[in-house]
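Colleague: A structural model of the following input is requested.
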Amino acid sequence: MIVGPRNLITDVPGLRVGNAQDESLKSGTTVLLGDKPFTASVHVMGGAPGTRETDLLAPDRTVGAVDALVLSGGSAFGLDACSGVVDALRTAGRGFRLGDAVVPLVPGAILFDLLNGGDKGWRENPYRALGRAAFEAADVEFALGSVGAGTGALTAMLKGGLGSASLQLPDGSMVGALVAANPVGSVTTPGERHFYAAPFEIDAEFGGCGTDPASGLGRDLQSRKMATMTGRENTTIAIVATDAMLSKAACHRVAIAAHDGIARATVPAHTPHDGDLVFALSTGSGHEGDTALIGHAASLCLSRAIARAVYAATPAPGDLLPCWSECNS
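Modeller: Numbers count the residues shown, from 1 in each chain. Okay, here's the model as predicted:
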């Protein structure tokens, strides 16, 4: 396996990603679009998810493809970002057709960033507009770190963020991951220099510091976030994608496998206070896919994407936690 040319989920042909954020709000939205509808499924392993239209992604549901996926900050308010994307898709004439009706299908998931120091005193929910803006910004190139759904994300010890990574399989298929990392757990080992995902790093993509030489890791669950907030402001939400041809049931298996990537990069993961969720999609533009290999590659990409999210985070006024770069300058 080799890294794709951008090391982004958009190395999967036919996908674009858009970010929109409000710096004073310390929150934002990320939208993934396909050039055409794509097959998708989802798997949740956290105890506190927030979702929209995820039931239709079950393998036994009638709808075979969706138009976009949304990751957003804002907790329940952030689900309205999907409405902004639905509005934009309707204007573009895209959606599930039933007679003369066109219904855009846009599943989404949210993370909790309402207590991160941003101004949350809005009169009108801002996320619908952020969703529309993210849709309009969608491109094959996009920023990582403190942008989009990762704008206000926090890990246990450091600022979180938006991350992405990709791999090309020996058969030519592309696999990629996109993640907003805001977990209960820590993404770095004690001392905040080494990433738990370090064994999977490629070409110093998140600093090249290598693995922590210490043993017995995982027993110290110190958390700056829990010391400053309630400990329930969490969730890692992600999308993994491939151009290989997969059924909805196979996408579901890939989503399950990709959760290994969260557990390898975050300690602890999948807690009762996380809403850990992974969407998996297939654009179907390639040949028939190897579900097992694609699931493995997706987990590797997701681990790397989580570390890249934290590595790329940038400081902003009013931050409650430091960035990795500030602790390792």
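
Colleague: The top strand by length along the chain: which residues count as buried?
Modeller: If you go by DSSP state E, the chain has its longest strand at strand 27-44. Buried positions in strand 27-44, judged by neighbour count with 16 or more other Cβ atoms under 10 Å: 27-34, 37-44. (Glycine included, C-beta is placed from N, CA and C.)

Colleague: Farthest pair within those residues?
Modeller: Ser27 and Thr39 (29.9 Å; Cβ to Cβ).

Colleague: For Thr155, state which of the buried residues of strand 27-44 is nearest.
Modeller: Relative to Thr155, and with distances defined as Cβ to Cβ, the nearest of those is Ser27, at 16.2 Å.

Colleague: which secondary structure elements does whichever helix or strand comes after the longest strand of the chain contact?
Modeller: Using DSSP states H and E, the helix or strand that follows strand 27-44 in sequence is strand 51-52. Other elements packing on strand 51-52 under the criterion 3 or more Cβ pairs under 8 Å, 6 or more residues apart in numbering; DSSP states H and E are strand 108-110.

Colleague: Give the partner strands of the strand it packs on in its sheet and their orientations.
Modeller: strand 51-52 (antiparallel), strand 66-72 (parallel) (DSSP bridges).

Colleague: For Asp276, see how far away Val42 is.
Modeller: From Val42 over to Asp276 the distance is 11 Å, taken as Cβ to Cβ, to the nearest Å.

Colleague: let me fix that: Val102
Modeller: 33 Å.

Colleague: More neighbours: which of these two?
Modeller: Asp276 (27 against 14; other Cβ atoms under 10 Å).

Colleague: Go ahead and list the helix or strand containing the residue nearest the centre of the chain.
Modeller: What sits nearest the mean C-alpha location of the chain, by Cα atoms, centre = their mean, is Val179, with 2.0 Å. Under the criterion of DSSP H and E, Val179 resides in strand 174-182.

Colleague: Let me see the mean pLDDT of that strand.
Modeller: Across strand 174-182, the average pLDDT comes to 97.

Colleague: can you give me the helices for the stretch 201-329 of the chain?
Modeller: Assigned by DSSP state H, counting those that start in this stretch, the stretch 201-329 of the chain shows helices spanning 224-228, 248-265, 291-312, 324-327.

Colleague: Also the stretch 1-150 of the chain?
Modeller: Counting by DSSP H, counting those that start in this stretch, the helices of the stretch 1-150 of the chain are 75-78, 81-91, 127-137.

Colleague: Tabulate these in a markdown table, adding columns for mean pLDDT.
Modeller: A markdown table is the format used below for the helices of the stretch 1-150 of the chain (pLDDT from 0 to 100):
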| stretch | mean pLDDT |
| --- | --- |
| helix 75-78 | 94 |
| helix 81-91 | 94 |
| helix 127-137 | 96 |
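
Colleague: With distance to Gly216 added, can I get the ones you listed in CSV?
Modeller: Listed next are those as CSV, based on distance: least, Cβ to Cβ, whole Å:
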stretch, distance to Gly216
helix 75-78, 35
helix 81-91, 42
helix 127-137, 42
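
Colleague: Redo these as TSV? Include mean neighbour count and distance to Val187.
Modeller: Output for these, formatted as TSV (neighbours: other Cβ atoms under 10 Å; distance: least, Cβ to Cβ, whole Å):
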stretch	mean neighbour count	distance to Val187
helix 75-78	20	21
helix 81-91	23	24
helix 127-137	24	24
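
Colleague: Among these, which comes closest to Thr271?
Modeller: helix 75-78 (16.9 Å).

Colleague: Residues contacting the closest one, please?
Modeller: Contacts to helix 75-78, defined as Cβ atoms under 8 Å, 6 or more residues apart in numbering, come from residues Ser27, Thr29, Gly50, Ser72, Gly108, Ile110, Leu111, Phe112, Asp113, Leu114, Asn125, Tyr127.

Colleague: Who are the contact partners of the residue nearest to the centre of the chain?
Modeller: So Val179 contacts Leu162, Gly163, Ser164, Thr236, Ile237, Ala238, Ile239, Leu302, Ala305, Ile306, Ala309 (Cβ under 8 Å, 6+ apart).

Colleague: nearest to Ala265, of the contacts of helix 75-78?
Modeller: Leu111 (15.7 Å).

Colleague: and the closest one, how many residues sit next to it?
Modeller: 33.

Colleague: just checking, it touches Asn234?
Modeller: Yes. At 7.2 Å, Leu111 counts as touching Asn234 under the criterion of Cβ atoms under 8 Å.

Colleague: Identify the contacts common to these two.
Modeller: Going by Cβ under 8 Å, 6+ apart, residues that sit against Leu111 and also against Asn234 are Asn182, Gly275.

Colleague: hmm, back to that, tell me how far the strand holding Val179 lies from the chain's centre.
Modeller: Averaging C-alpha positions (Cα atoms, centre = their mean, to the nearest Å) puts strand 174-182 5 Å from its chain's average.

Colleague: Cheers, nothing more for now.
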